[in-house]
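> A predicted structure for the sequence below; I have some questions about it.
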Amino acid sequence: MTTRFASSDDIEFLLDLFCELDVKHLKHLPEIKAITADKNYRRNYLLENVIPDENKLLAIVEDQGKIIGTGMGIIQERKDHIVFKDLKYGLIADLVVSNKHKRKGAGKILMEFLEKELKERGCSQIELTVYQFNEEAMSFYEKLGYSKKMVKYVK
């Protein structure tokens, strides 16, 4: 398996992966927007707001030349916060591995790639969020050394 940054040529393959992620989220979170219903929206968002943005690192993992997973590292900075120290950090978002390729190491390889790239760009900390229903993802991230720091409540 190999990792690299995504290009505009990869978008159509990535849309199918994002559909898998959307289906999982929609099953548990009916209030979220159904991106699967509008691939053009996600396609345009990726092409206009992600690919050209140097602070958004859209990565892919391939197996024998086929894209089997993707994830995004977002470089963010917190400055002049009343409570927290200034911090340049990475946020990992939209990590998804094709259902056919889960539990074969692709997610770990993708995370290691994103972590390395974010750290090389000066991020001293890496954060991510996971919906409470997604126990599979929480277990995966904990095995990679991540721990809970905050819990969000919703009414």
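Good, I have the coordinates.
> for the most far-flung residue of the chain relative to its centre, helix, strand, or coil?
Computed with Cα atoms, centre = their mean, the residue of the chain farthest from its C-alpha average is Ile82, at 28.5 Å. Taken by DSSP: H, G, I helix; E, B strand; the rest coil, the conformation at Ile82 corresponds to coil.
> Next up, phi/psi of it, please.
phi -70, psi -30 (degrees, to the nearest 10).
> Let's see the lengthiest helix in the chain as CSV, backbone CA atoms only.
Across the chain, the helix with the greatest residue count (assigned by DSSP state H) is helix 11-28. Taking C-alpha atoms only, helix 11-28 is exported to CSV below (Å, rounded to 0.1, in the frame of the first residue of the first chain):
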residue,chain,number,x,y,z
ILE,A,11,-12.0,13.2,-7.1
GLU,A,12,-14.4,10.8,-8.8
PHE,A,13,-12.9,7.8,-6.9
LEU,A,14,-13.0,9.7,-3.6
LEU,A,15,-16.7,10.5,-4.0
ASP,A,16,-17.5,6.8,-3.8
LEU,A,17,-15.5,6.6,-0.5
PHE,A,18,-17.3,9.6,0.9
CYS,A,19,-20.6,8.0,0.0
GLU,A,20,-19.7,5.0,2.2
LEU,A,21,-18.9,7.4,5.1
ASP,A,22,-22.2,9.3,4.5
VAL,A,23,-24.3,6.2,4.6
LYS,A,24,-22.8,5.2,8.0
HIS,A,25,-23.3,8.7,9.4
LEU,A,26,-26.9,9.1,8.0
LYS,A,27,-27.9,5.8,9.6
HIS,A,28,-27.1,7.2,13.1
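> what packs against the helix or strand following it?
Towards the C-terminus, the helix or strand next in line after helix 11-28, according to DSSP states H and E, is helix 39-45. When contacts are defined as 3 or more Cβ pairs under 8 Å, 6 or more residues apart in numbering; DSSP states H and E, helix 39-45 packs onto helix 11-28. Backbone N, C-alpha and C define where each C-beta goes, glycine included.
> What average pLDDT does the helix it packs on get?
For helix 11-28, the mean per-residue pLDDT is 84.
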